[in-house]
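K.L.:
Show me how the following folds:
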Amino acid sequence: MLRFVPVVLLLGALAVALLIYLAGKYVESVSEMEEKAVKDQLTGLSNREGFRRNLEQSGETSFDGILILLDLDHFKNVNDSLGHPEGDAVLVMFSDLLKEFFNRNSDFTARLGGDEFAVTQEGDLDAETVRNMMDRFMKKAEMIFSSYQEYGLSVSAGVDFFHKGEEYETVYKRCDDLLYEAKNSGRAGYVMSKEDAS
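P.N.:
This is a model prediction of the structure:
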């Protein structure tokens, strides 16, 4: 019977190794599923749920900063005239611009759905700094959309300052109102809230 002991020990060790391997694969799988739940598959940006989780904590904003909501003007013209693959290429191109331009460690970019995007920047930012930043960003967006001028493609944005602890829904609605003000003012521009965070 003693000669079977090493075999039993070996089988036990193999069983433990197998369990460890399977547990690791399970954790990896759950992690991938969680990432997919908060990531937009087309652009690689966070999706609406990832954006919400980043900005809020128990229904309130979790840091001081600015929220930028962006919408592509006349994007439907591109889809209708050039097809959805070209429309997807435009969304990816714009997403790449967001990632490249808003690239500080605390910057957060998301595609909320369709042609709607969002950016948050943490920090005590002043209005002049934000205005200069937005002017530069809008010029870059205009440049990348230059070959789509005949379709009226441009970007409109609302920019709002907020403080930690504000109601998430209130901040989002306020910024959304600014975005629609920009769209109603002729598009291809941005409207910023009057108060800064200082």
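K.L.:
Tell me how this protein divides into domains.
P.N.:
2-37, 48-192 (automatic domain parsing).
K.L.:
okay, the ones you listed, which one's buried deepest?
P.N.:
Comparing the domains of the chain on average neighbours per residue, with mean count of other Cβ atoms under 10 Å, the densest one is domain 48-192 at a mean of 17. From N, CA and C alone the C-beta is placed, and that goes for glycine too.
K.L.:
and that one, how far from the chain's centre?
P.N.:
9 Å (Cα atoms, centre = their mean, to the nearest Å).
K.L.:
hey, where'd the helices end up in the chain?
P.N.:
5-37, 48-55, 75-82, 84-101, 127-144, 168-184 (DSSP state H).
K.L.:
Switch those helices over to CSV, and while doing so, append distance to S154 and mean pLDDT to every line.
P.N.:
Putting these into CSV (distance: least, Cβ to Cβ, whole Å; pLDDT from 0 to 100) gives the following:
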stretch, distance to S154, mean pLDDT
helix 5-37, 31, 62
helix 48-55, 22, 90
helix 75-82, 10, 95
helix 84-101, 11, 96
helix 127-144, 7, 96
helix 168-184, 10, 95
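K.L.:
what would the ones you listed look like in CSV with distance to Y190?
P.N.:
Shown next, in CSV, are these (distance: least, Cβ to Cβ, whole Å):
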stretch, distance to Y190
helix 5-37, 30
helix 48-55, 19
helix 75-82, 17
helix 84-101, 14
helix 127-144, 5
helix 168-184, 5
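K.L.:
Of all those helices, which one is nearest E150?
P.N.:
Evaluated with Cβ to Cβ, the helices of the chain place helix 75-82 nearest to E150, the distance being 8.6 Å.
K.L.:
which helices and strands does that closest one pack with?
P.N.:
On a contact count with 3 or more Cβ pairs under 8 Å, 6 or more residues apart in numbering; DSSP states H and E, helix 75-82 meets helix 84-101.
K.L.:
Any chance you could list what contacts the helix it packs on?
P.N.:
42-45, 70, 72, 75, 78-79, 109, 111, 115, 117, 119, 136-137, 140-141, 144-145, 148, 153, 155 (Cβ atoms under 8 Å, 6 or more residues apart in numbering).
K.L.:
redo that, cut-off 6 Å
P.N.:
Residues from elsewhere that reach helix 84-101, judged by Cβ atoms under 6 Å, 6 or more residues apart in numbering: 43, 45, 78-79, 109, 137, 144.
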